[in-house]
Structures are given as C-alpha cells and as structure tokens.
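Asker: sharing a sequence plus its predicted fold:
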Amino acid sequence: MALNPGDPAPDFSLPATGGETISLTSLKGRKAVLYFYPKDDTSGCTLEAKAFNDLRDAFAAADTVVIGISPDPMKSHDKFREKYGLDFPLVSDEEKAMLQAYGVWVEKSMYGRKYMGVERTTVLIGRDGRIAQVWPKVKVPGHADAVLKAARAL
C-alpha cells in the first residue's frame, strides 16, 4: 500500500526507547519524521541514524520530531542508541503491523534469494496528522538534509 501526500497517516502505538510509548495521537500538533530502516547497527542504518542525529537541533528548531522505526526488539534499539549517542527515540515494531500499514514491509531479493524486509523509507507527517511527503527507497547520503529542508518548508 503506497502512502501519498494528503493521506491520513496510519495510526500506531508502539514501544520506544527510554521506556516511552509513541503513538500517532501523541504526535498530534507536531511535525514528525518517521524513518523506517531495516536493522540496528548495520552500515547503512548507522549512517542514516547518525545523519538524523547530527541534525537534531535543526529539526527541533523546525518543530519536528524524528523517530526511527524498525522490527528490531527494544534491547537491540537500546544498545544501538547508546552505542552512537542517538538523541531521538527508536520504535520497535516486532509484530510488523505499523511497517505493513506504512507499506514498507516488502519482498526483497538478494543474490537470488527472496525474503521479507523493511524498504528504507521516510515519511514526513504534518501537524494535521496527514502525510506531507514520502521518500521511498532512500539512499542515505544527503537524505537527512533533504528531509530537514522539507520539514522547514512545511
């Protein structure tokens, strides 16, 4: 299911680092960046997390919260966050309900082997709870800067 600008963001309520529970309702009235990534502490995911983390003050100045989401368990998220000093929440969707609702749990292929996994995707949600912009099949270099630019313009 592809999400498009103007669509209402699918609802969710999931555990996050720091003992929080994050839901779409808890984000109401704020801009939010939901970036979906495949796995904690892998090269591309680490580069992406560090890029968003480096821009955390700029995102805060744009009144935009950044949240990373993957199917990894909380224990993995806690270690990943601590190892790299990440200053934003990581959400765990082990059941993959949110990943499916946002259309990022997809069939992938590597070396001829098919498997299910997260397609690296970022979704910007406006204060009204609607999708403002979607970046599918994200390439990490320069991505966090592009998302920040869109958040500032929103």
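Answerer: Structure's in. What do you need?

Asker: after the lowest-mean-pLDDT helix or strand in the chain comes which helix or strand?
Answerer: Within the chain, judged by mean pLDDT, DSSP states H and E, the helix or strand with the poorest mean is strand 105-110; its value is a mean of 89. Going down the chain from strand 105-110, the next helix or strand is strand 113-118, by DSSP states H and E.

Asker: find the residue at the geometric middle of the chain.
Answerer: In the chain, the centroid-proximal residue (C-alpha atoms, centre = their mean) is Tyr35; its distance is 1.8 Å.

Asker: that one: helix or strand, and which one exactly?
Answerer: Counting by DSSP H and E, the element that carries Tyr35 is strand 31-36.

Asker: which neighbours does that strand have in its sheet, and in what orientation?
Answerer: Sheet pairing of strand 31-36 (DSSP bridges) gives strand 64-70 (parallel), strand 121-125 (antiparallel).

Asker: look up the closest residue to the residue nearest to the centre of the chain, ignoring the ones flanking it.
Answerer: The shortest distance from Tyr35 to any non-neighbouring residue, by C-beta to C-beta, 6 or more residues apart in numbering, is to Thr122 (4.4 Å). (Glycine included, C-beta is placed from N, CA and C.)

Asker: how close does the residue located most distally from the centre of the chain get to Asp145?
Answerer: No residue in the chain has its C-alpha farther from the mean C-alpha position than Gly112, which lies at 27.6 Å (C-alpha atoms, centre = their mean). As judged by C-beta to C-beta, to the nearest Å, Gly112 and Asp145 stand 35 Å apart.

Asker: just Arg81 next, same as before
Answerer: Computed as C-beta to C-beta, the Arg81 to Asp145 distance reads 22 Å.

Asker: between the two, which is the more surrounded one?
Answerer: Legend: neighbour count by other C-beta atoms under 10 Å for Arg81 and Asp145, higher for Arg81 (21 against 13).

Asker: does the more buried one belong to a helix, a strand or coil?
Answerer: helix (DSSP: H, G, I helix; E, B strand; the rest coil).

Asker: who touches it in this structure?
Answerer: Thr17, Leu90 (C-beta atoms under 8 Å, 6 or more residues apart in numbering).
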